[in-house]
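Q: Here is my input; please provide its structure:
(one chain, ligands or ions: 2)
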Amino acid sequence: MIPATPIRSIALDDLDAPALAEAAVLLRSGGLVAFPTETVYGLGADATNPAAVSRIFAAKGRPPTNPLIVHADGIDLARRCVAEWPKSADLLARRFWPGPLTLVLPRSRIIPDVVTGGRATVGVRVPAVAEARALIARVGRPLAAPSANRSNGISPTRAEHVSQDLNGRIDLILDAGPTAVGLESTVLDLTSDPPRILRPGPITADEIAEALGFPVLPSSPTVAIASPGPAAASPGLMAVHYAPRTPAIRIEPGESPPPSPTGALLAVIVVGGEPRDLSELEPCLRIDLPDPVAASKSLYDALHRCDSSEADRILIRMPPDLPPWVAIRDRLRRATAPAEPGRAPGIRYDREDPRSYR
Ligand code: AMP
Ligand code: MG
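A: Ligands and ions are numbered 1, 2, ... in the order given. So this is what the prediction gives:
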C-alpha cells in the first residue's frame, strides 16, 4: 500500500512553524513538498537537483517538454537562476514581486535541462505568500514548482485538492488554507522584443505596459498548441488544460444552453453574470461568480466542487469578453469544449494517461 502523504497546517505568519523546517529538510534531500502560494498550491522540488525535479514530472504525469516555473525568495536568488537581467526585468521585479508575474529569461548554469524541457530559457518568480518565501530561504535553493495537481487536471487552491490528486505520490503537503488570488501567474517572455505574454494571469498586459513605459504583445487566444511536443513554445497554452473529468461545456453570455439528455444531472457555473441568468435550468448544483476578483479566487474550487458532485455534465456561462476577464476566459476555454447544439460532449482525455492530449 502507498503510504498517505502527511498534511501539516501552518498558521498565518508563523515563519518559524516546525512544518516549514520539516519541509526544508525534505526538499534539501531531494523530496517533493506541496506548498501554498498566492496563485495556486505548488509542487516544489530543489530546482538545482535534476533527480528531484524528475520526481515532479513522475508524480504529476507531466510531459517532460512542459517547463517548470522556478520560485525564488527574492530578486537575488532569482538573478542567480538567469544568465541575463535586463532593465525591463529589474523594473518589473521591483514593481510586481513578490507577486503573480513569471519572467522568462535565458537560464543560468544552476538550472538543469529537466526544469526547462531543454529550453535555453527559464521562467522565474517570487511568490507573495511569506511562508513560501521563508521555505525557499530555509532550503537555500530555488524551488521548481508547477501546480500541485495531476497533469491536465484542475489546479489546486486548497490543500484538500492537492491531497485528492497526489496523496501517496509526494512527501508532504503544507496547508495554509485557500489561496488568495486563485489563478496561475501571468507568464511574460522577456526574450522577445517587444515582450510577449505567454499566459494571461492576474497581472494584466496594461499593468505591465504601464510599468515598462511601452506596450507588450498580449496573449492570443488563437495560440492554442495542440500537442505537448518540442515545438510548443509554452505548453501552458495547450488547448486542453485545467480541465475537470466531468464533461464541461461553455456558452457565451446571451447564448442558450444546449438541450440536456433526459435524466442527465447538470451543474452550472455562471461567471460574471446575474442571478436571473439561466434561472430556467434546474441544476443539482449552481455556483455564481459575479465579479472578477471573487471569480479568480474561487474558480478552481467551483470546478473541483462540480467535478466531485453527482453531475454528469458541467455547463459554464462565460463572463463577458472584457479586459478584467481575460485570464479567467483563457482558463475556462481550456477547461471546456464549446457547446454544440444537441450534442452531449464526450470524455476528452484520461487524466491517468499523459499521452491522451486532444
Ligand atoms: P505551471 O507550472 O503548471 O503553472 O505551468 C508553467 C507554465 O509556464 C508552462 O506550461 C509554460 O506555459 C510556462 N513556462 C514556464 N517556463 C517557461 C519557459 N522557459 N518558456 C516558455 N514558457 C514557460
Ligand atoms: Mg499547471
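Q: OK, contacts around the closest residue to residue 161 other than its chain neighbours?
A: Sequence neighbours aside, residue 304 is the residue nearest to residue 161 in space, at 5.6 Å (criterion: Cβ to Cβ, 6 or more residues apart in numbering). C-beta coordinates here come from the backbone N, C-alpha and C atoms, glycine included. Contacts of residue 304 were listed using Cβ atoms under 8 Å, 6 or more residues apart in numbering, and they are 154, 158, 161, 164, 244.
Q: Show the contacting residues for the second one.
A: Meaning residue 158. Each residue near residue 158 by Cβ under 8 Å, 6+ apart is listed here: 41, 177-179, 301, 304.
Q: Look up how far residue 57 lies from residue 220.
A: Going from residue 220 to residue 57 by Cβ to Cβ, to the nearest Å gives 28 Å.
Q: Compare neighbour counts for the two and give me the winner.
A: Higher neighbour count among residue 220 and residue 57: residue 57, with 21 against 11, using other Cβ atoms under 10 Å.
Q: Averaged pLDDT, the strand or helix carrying the more buried one. What do you get?
A: Under the criterion of DSSP states H and E, residue 57 resides in helix 50-60. The pLDDT scores in helix 50-60 average 98.
Q: ok, residues contacting that helix?
A: Here helix 50-60 has contacts from 27, 30-32, 43, 45-47, 62-64, 68, 112-115, 144, 146, 149-151, 166, 169-170, using Cβ under 8 Å, 6+ apart.
Q: which of these come close to ligand 1?
A: 68, 146 (Cβ under 6 Å from any ligand atom).
Q: Just the ones of the contacts of helix 50-60 in strands?
A: Mapping the contacts of helix 50-60 onto strands (DSSP state E) picks out 43, 45-46, 144.
Q: Tell me which other helices or strands the helix or strand hosting residue 288 touches.
A: Here residue 288, judged by DSSP H and E, is contained in strand 285-289. Under the contact criterion of 3 or more Cβ pairs under 8 Å, 6 or more residues apart in numbering; DSSP states H and E, strand 285-289 touches strand 266-271, helix 292-307.
Q: Residue 124 in helix, strand or coil?
A: With DSSP: H, G, I helix; E, B strand; the rest coil as the basis, residue 124 sits in strand.
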